[in-house]
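In: Dropping a prediction and its sequence here:
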Amino acid sequence: MADGLSIDGLRVVYSAGRGAGPVVAVDGVGLEIPSGRITALLGASGSGKSSLLRAVAGLEPVAAGAIRWDGRDVVATPVHKRGFGLMFQEGQLFPFRDVAGNVGYGLTGMTRAQRARRVAEMLDLVGLPGYAARPITTLSGGQAQRVALARALAPRPRLLLLDEPLSALDRALREQLAGDLRAILTEHGATALYVTHDQDEAMTVADEVGVMEAGRLSRLAAPEALWADPGSAGVAAFLGFAPILAREQAEALGWGSLLAGDRPGARGSRLDGAGVGLALAPGALSIVGPQEGGPGADGAGTRGSAELPGASGTVLARRMRRGGIEVDVSLDVPGGPAVVAAGAGGGNGSANGVGTRVRLGLDPSRTAIIEF
Ligand SMILES: Nc1ncnc2c1ncn2[C@@H]1O[C@H](COP(=O)(O)OP(=O)(O)OP(=O)(O)O)[C@@H](O)[C@H]1O
């Protein structure tokens, strides 16, 4: 008997109203979350992430399939008897209670002293010691979400369901809280299903990340494995891989060896057919010098890596991104130019301004093989 959450062939179907056909929001998903592990679900808007989480919570009816905890089907169990904790985008704290009143809300069958002890323990865990008497209305957005997390964890739920818990916060806070959240959940030994559309957040928080497309779970893997092998063009595009070069294009650029089966992370069985391509992850390309033979080119530093040749293109645009200069380059590939983003390193930009011809190097570790 499997420990933890086990979902099998889950379907969630909505009726879309008069005249319209039903909407299949979750279409035959299987997923296991072993006890003590955190799984995040990523996917475009409307891919079915929230519907899946809500069905597990008991908030949406299940059209088909099973949801089991420790091997026992909970589909017929009402929401409040599943023993699952919930946390949403807006913490939905009770504004008329103070912090302690919110965190202690679900703690039944305890003496007042026991409850106060548990509340204090939870506030320590989420980094808000001493906040028990604070009115909810005086909290910042980040503090409110920490209180919401403390409230969700306080009754020791066997599974914690988090739906976009950080989406209402600004980027810097989201990044910090995502790291804190992982530490808190792991310290607490929590089993969790975490829904988000932010891939950095998913990869920071979770042990395994699933990508949903149109109601189906396309891929489920540990973050590094997902980056090394996104599996399909759809998942790769969702993660930000661009472009995905066809085999002929990769070969014409001199990068065909990266499609070889003995590459770490590559799945050999894929490589027999012609229908494979090379997907470039963000940061895979960077300018290594002016185009060979062009003005100022001396041949040095024009190779992409020890084994790979570089590729030439024309700079179309430049921008500042996360402290570095990034350029859009129109890369000469068979079948027409492909516009790619590449790092330009430091410098004042006179060497690689808009319109100049440059040579791009490829970091082979930031590429993946895709099956079409
Ligand atoms: N109550 C509802 N009635 C009818 N259709 C619904 C209902 N809730 C969701 N849907 C539809 O089900 C599909 C999946 O929606 P869902 O909210 O699960 O996706 P999501 O991946 O969580 O999206 P988002 O990131 O935008 O929240 C969408 O097509 C949506 O329009």
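Out: Structure's in. What do you need? Numbers count the residues shown, from 1 in each chain.

In: Report the distance from stretch 78-89 to the chain centre.
Out: In terms of C-alpha atoms, centre = their mean, to the nearest Å, the centre of stretch 78-89 is found 23 Å from the chain centre.

In: Check which residues of it are buried.
Out: Across stretch 78-89, burial judged by 16 or more other C-beta atoms under 10 Å covers 82, 84-89. (C-beta placed from N, C-alpha, C; glycine too.)

In: ok, is it in contact with the ligand or not?
Out: No: contact of stretch 78-89 with the ligand is not found when judged by C-beta under 6 Å from any ligand atom; the minimum separation is 9.2 Å.

In: and that stretch, how far apart are its ends?
Out: In stretch 78-89, first residue to last residue: 23 Å (C-alpha to C-alpha, to the nearest Å).

In: which other residues reach it?
Out: Contacts to stretch 78-89, defined as C-beta atoms under 8 Å, 6 or more residues apart in numbering, come from residues 56-59, 69, 74, 148-149, 152-153, 155, 157-165, 167-168.

In: do that again at 7 Å, thanks
Out: 57-59, 74, 148-149, 152-153, 155, 157-165, 167-168 (C-beta atoms under 7 Å, 6 or more residues apart in numbering).

In: For ChimeraX, write a command that selects the buried ones of the residues you listed.
Out: Those of those that count as buried under 16+ other C-beta under 10 Å are selected in ChimeraX with:
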select :57,58,74,148,149,152,153,155,157,158,159,160,161,162,163,164,165,167,168
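
In: pLDDT score assigned to the closest residue to Pro334 other than its chain neighbours?
Out: Distances taken as C-beta to C-beta, 6 or more residues apart in numbering place Ala252 nearest to Pro334, at 4.8 Å, with adjacent residues excluded. pLDDT, Ala252: 89.

In: Over to Ser269?
Out: 44.

In: for Ala297, same thing?
Out: For Ala297, the pLDDT comes out at 42.

In: For the chain, which residues are neighbours of the ligand?
Out: Counting by C-beta under 6 Å from any ligand atom, the chain comes close to the ligand at 14, 16, 23, 25, 43, 45-51, 197.

In: quick one: which of the residues you listed is nearest to Arg117?
Out: Of all the residues of the chain next to the ligand, Arg117 sits closest to Ser50, with 34.7 Å by C-beta to C-beta.

In: Give me the contacts around the host helix or strand of that closest one.
Out: Under the criterion of DSSP states H and E, Ser50 resides in helix 49-57. Contacts to helix 49-57, defined as C-beta under 7 Å, 6+ apart, come from residues 7, 10, 12, 25-26, 29, 41, 43, 60, 62, 67, 79, 84, 86, 161, 163, 193, 195, 212.

In: Equivalent analysis for stretch 215-224, please.
Out: By C-beta under 7 Å, 6+ apart, stretch 215-224 touches 24-29, 31, 47-48, 203, 207-212, 226, 230-232, 234-235.

In: Can you point out the buried residues in that stretch?
Out: Buried residues in stretch 215-224, counted by 16+ other C-beta under 10 Å: 215, 217-221, 223.

In: where do the helices sit along the chain?
Out: In the chain, the helices defined using DSSP state H lie at 49-57, 99-103, 112-125, 141-153, 171-187, 199-205, 223-228, 233-239, 247-252.

In: Turn those helices into a markdown table, columns for distance to Leu308.
Out: Shown next, in a markdown table, are the helices of the chain (distance: least, C-beta to C-beta, whole Å):
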| stretch | distance to Leu308 |
| --- | --- |
| helix 49-57 | 37 |
| helix 99-103 | 55 |
| helix 112-125 | 48 |
| helix 141-153 | 44 |
| helix 171-187 | 33 |
| helix 199-205 | 27 |
| helix 223-228 | 18 |
| helix 233-239 | 20 |
| helix 247-252 | 11 |
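
In: And for the residue of the stretch 251-372 of the chain found nearest the ligand, the neighbour number?
Out: As assessed by C-beta to the nearest ligand atom, the ligand sits closest to Pro282 within the stretch 251-372 of the chain, at 21.3 Å. Look at Pro282: counted by other C-beta atoms under 10 Å, it has 14 neighbours.

In: which residues touch it?
Out: By C-beta under 7 Å, 6+ apart, Pro282 lies in contact with Gly240.

In: and if you look at Leu169?
Out: 141-142, 145, 177.

In: which of the residues you listed has the most neighbours?
Out: Gln145 leads those on contacts (other C-beta under 10 Å) with 27 neighbours.

In: tally of neighbours for Gly189?
Out: Other residues lying near Gly189 total 9 when counted by other C-beta under 10 Å.

In: Give me the pLDDT for the residue in the stretch 151-300 of the chain that the ligand sits nearest to.
Out: Here the stretch 151-300 of the chain gets closest to the ligand at one residue, His197, 5.0 Å apart by C-beta to the nearest ligand atom. Here the pLDDT value assigned to His197 is 92.

In: show me where pLDDT drops low in this protein?
Out: Low-confidence segments of the chain, defined by pLDDT under 70: 1-2, 91, 261-274, 292-307, 346-350.

In: Let's see that with 50 instead.
Out: The model of the chain has pLDDT under 50 over residues 268-270, 295-303.

In: Domain map for it?
Out: Using automatic domain parsing, the domain parsing of the chain gives 5-228, 241-371.

In: Pull up the gap between the residue nearest to Val354 when sequence neighbours are not counted and Met110, please.
Out: Here the nearest residue to Val354 in space, its sequence neighbours aside, is Val315; by C-beta to C-beta, 6+ apart that works out to 5.4 Å. Look at Val315 and Met110: by C-beta to C-beta, to the nearest Å, they are 65 Å apart.
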